[in-house]
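Visitor: using only what follows, build the 3D model:
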Amino acid sequence: MKAEVHYDKAQRLSQTQAILDPAQHYESIVELCYMSTHHYILAGTEWVGTPHHQSHAHRDNARLLKAAAPQAILDAWNDLEKYRAGYIYGAKDDITVCNDARQALDQR
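Guide: Sure thing, here's the model as predicted:
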């Protein structure tokens, strides 16, 4: 995908999560925030000159670090990774973390 396509996808995912009710869809909201941020990262890092490779691994924020992302962006991405893992493994199930994921997405 080109940067513009990643950005458009991120926008769609972000708009979708915004209309969901946290009381009923907290897991979906966290996942959509994570996916949206992933696409914002790919678009943004491409725009600053970090080419997009076929590997989608973001372990240790390598793309963000290479693109010299601000610390607030790094922190938001780390938070989203924690929130997502908590929901996948069943450790988290409250609306507060859902709202935190939305705030992390807003750091884009």
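Visitor: test my guess that Trp77 contacts Ile41.
Guide: Yes - the pair formed by Trp77 and Ile41 meets the contact definition of C-beta atoms under 8 Å, at 6.9 Å. The way it works is simple: take the backbone N, C-alpha and C, and place the C-beta from them, glycine included.
Visitor: so the residue positioned nearest the centre of the chain: helix, strand or coil?
Guide: Compute the mean C-alpha point of the chain, and by C-alpha atoms, centre = their mean the closest residue is Thr37, 2.5 Å away. Thr37 carries the three-state label helix when classified by DSSP: H, G, I helix; E, B strand; the rest coil.
Visitor: so it is in contact with Ala104, correct?
Guide: Yes - look at Thr37 against Ala104 with C-beta under 8 Å: they come within range, at 7.1 Å.
Visitor: shared neighbours, the two?
Guide: Listed as contacting both Thr37 and Ala104 by C-beta atoms under 8 Å, 6 or more residues apart in numbering are Ala76, Trp77, Leu80.
Visitor: could you pull out the helices for this structure?
Guide: 3-18, 22-47, 62-66, 71-88, 95-106 (DSSP state H).
Visitor: as a markdown table, those with mean pLDDT would be great.
Guide: Formatted as a markdown table, the helices of the chain follow (pLDDT from 0 to 100):
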| stretch | mean pLDDT |
| --- | --- |
| helix 3-18 | 94 |
| helix 22-47 | 86 |
| helix 62-66 | 71 |
| helix 71-88 | 74 |
| helix 95-106 | 75 |
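Visitor: which of the ones you listed sits most buried?
Guide: When the helices of the chain are scored by mean count of other C-beta atoms under 10 Å, the highest mean neighbour count falls to helix 22-47 (a mean of 20).
Visitor: what helices or strands is that one leaning on?
Guide: When contacts are defined as 3 or more C-beta pairs under 8 Å, 6 or more residues apart in numbering; DSSP states H and E, helix 22-47 sits against helix 3-18, helix 62-66, helix 71-88, helix 95-106.
Visitor: that'll do, ta.
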